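Participant: no FASTA, just this:
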């Protein structure tokens, strides 16, 4: 076990970081632009210096030990801070192969991601987006450790180190199949409460903006089915008598495909604020500033500037 930081070759932490991400020796070597034997020797030295095995070789690759998982967060954060502090602060190289890790829900992936990707690749064709699902339980932690660069979400965390930039106000709407036996013309609040509903699970014990408004208004939905993602709701509604309450853009996106009716909410419902979220330690990162600019422009519908 290291008791003095001078005993540790900090270059070995780069190898540890790559192995934690790839969990494969050859892929980690490719990521680091090193030979496989060099990476293997570095891992052996790190194991010796830490007095820990760190990884177990299995048929599935290099599986991290519990101790490796414990080390990974602090190591990842430390390397991230070093890259920001020591990295160039000029404009990013638009011809470089850069990877950004972004969290967004399934709805945003279906409706907004294609346009965002087209915009980014028109400007920087070698940029890679690694999109992650919006796991609310781990979102703040992953932003802190650098596992995520950005999140697109409506959640707000009680954490002074997280920064927010509004993207858009998102209205909710109600969908039903076009030949629904009860829904024709307008949708009253009484009918909304009488019908069965399909809904998404709550996230990390947090009520959604819809549930908060319904609770305040003492409105009760009869939820017959919970699903993990919004994208499942239009297809389910199209083949049942259940109603779904979803973002308006999602309703419009799938209305023709699934023969859906779209109704406004039958009660006063403020729009939901969707924001970019990132960690304060990333605030000066040039690449991240560029990506935020592209996302804001894509959500506003602006055309990409010529290269």
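Facilitator: Noted; the coordinates are in hand. Every value quoted in this text rests on a predicted model; they were computed, and no experiment measured them. Numbering: from 1, shown residues only.
Participant: buried residues of the helix or strand hosting residue 256, list them for me.
Facilitator: Assessed by DSSP states H and E, residue 256 sits inside helix 248-258. Neighbour-count burial for helix 248-258, counted by 16 or more other CB atoms under 10 Å, picks out 248, 249, 250, 251, 253, 254, 255, 258. Any C-beta I mention is one placed from the backbone N, CA and C, and that applies to glycine too.
Participant: mean confidence (pLDDT) on that helix, please.
Facilitator: Averaging pLDDT along helix 248-258 gives 94.
Participant: likewise for stretch 126-143?
Facilitator: Here the average pLDDT along stretch 126-143 is 88.
Participant: off-centre distance for it?
Facilitator: Here stretch 126-143 is found 4 Å from its chain centre; the criterion is CA atoms, centre = their mean, to the nearest Å.
Participant: and the residue of the chain most remote from its centre, how far from residue 212?
Facilitator: In the chain, counting by CA atoms, centre = their mean, residue 181 sits farthest out from the average C-alpha position, at 38.0 Å. Here the distance between residue 181 and residue 212 works out to 31 Å (CB to CB, to the nearest Å).
Participant: ok, residue 125 next?
Facilitator: Plainly put, residue 125 is 42 Å away from residue 212 if you go by CB to CB.
Participant: residue 115 reaches residue 300, doesn't it?
Facilitator: No - using CB atoms under 8 Å, residue 115 is not in contact with residue 300, being 11.0 Å away.
Participant: which one's more surrounded, the two?
Facilitator: With neighbours defined as other CB atoms under 10 Å, residue 115 and residue 300 compare such that residue 115 has more, 12 against 9.
Participant: which residues are in contact with the more buried one?
Facilitator: Residues near residue 115 by CB atoms under 8 Å, 6 or more residues apart in numbering: residue 298.
Participant: residues in contact with stretch 253-266?
Facilitator: With contact meaning CB under 8 Å, 6+ apart, stretch 253-266 is reached by 110-111, 172-180, 183, 186-189, 191-192, 234-235, 237-238, 245, 248, 251-252.
Participant: just the buried residues of the residues you listed.
Facilitator: Among the contacts of stretch 253-266, those classed as buried by neighbour count (16+ other CB under 10 Å) are 110-111, 172-177, 180, 183, 187, 191-192, 234, 237-238, 245, 248, 251.
Participant: just the pLDDT at the residue nearest to residue 110 when sequence neighbours are not counted, thanks.
Facilitator: Computed as CB to CB, 6 or more residues apart in numbering, the closest residue to residue 110 that is not its neighbour in sequence is residue 231, at 5.9 Å. Here the pLDDT value assigned to residue 231 is 92.
Participant: residue 89 now?
Facilitator: On the pLDDT scale, residue 89 gets 51.
Participant: where does the most centrally placed residue in the chain land on pLDDT?
Facilitator: Centroid-nearest residue in the chain: residue 103, 1.1 Å away (criterion: CA atoms, centre = their mean). Note on residue 103: pLDDT of 94.
Participant: tell me the spacing between it and residue 227.
Facilitator: Residue 103 is 19 Å from residue 227, where distance means CB to CB.
Participant: quick one: contacts for the closest residue to residue 177 other than its chain neighbours?
Facilitator: Spatial nearest neighbour of residue 177, chain neighbours left out: residue 238 (5.2 Å); criterion: CB to CB, 6+ apart. Applying CB under 8 Å, 6+ apart to residue 238 gives the contacts 177, 258, 259, 260.
Participant: relative to residue 46, which of those is nearest.
Facilitator: Nearest to residue 46 among the contacts of residue 238 is residue 258, at 53.0 Å by CB to CB.
Participant: any idea how far residue 29 is from that closest one?
Facilitator: For residue 258, the distance to residue 29 equals 47 Å [CB to CB].
Participant: tell me the pLDDT at residue 31?
Facilitator: With respect to pLDDT, residue 31 scores 73.
Participant: that one: neighbour count?
Facilitator: Counted with other CB under 10 Å, residues neighbouring residue 31 total 17.
Participant: name the SS class of it, please.
Facilitator: Assigned state for residue 31: helix (three-state reduction, DSSP: H, G, I helix; E, B strand; the rest coil).
Participant: so it touches residue 22, yeah?
Facilitator: Yes - applying CB under 8 Å, one finds residue 31 in contact with residue 22, separated by 6.1 Å.
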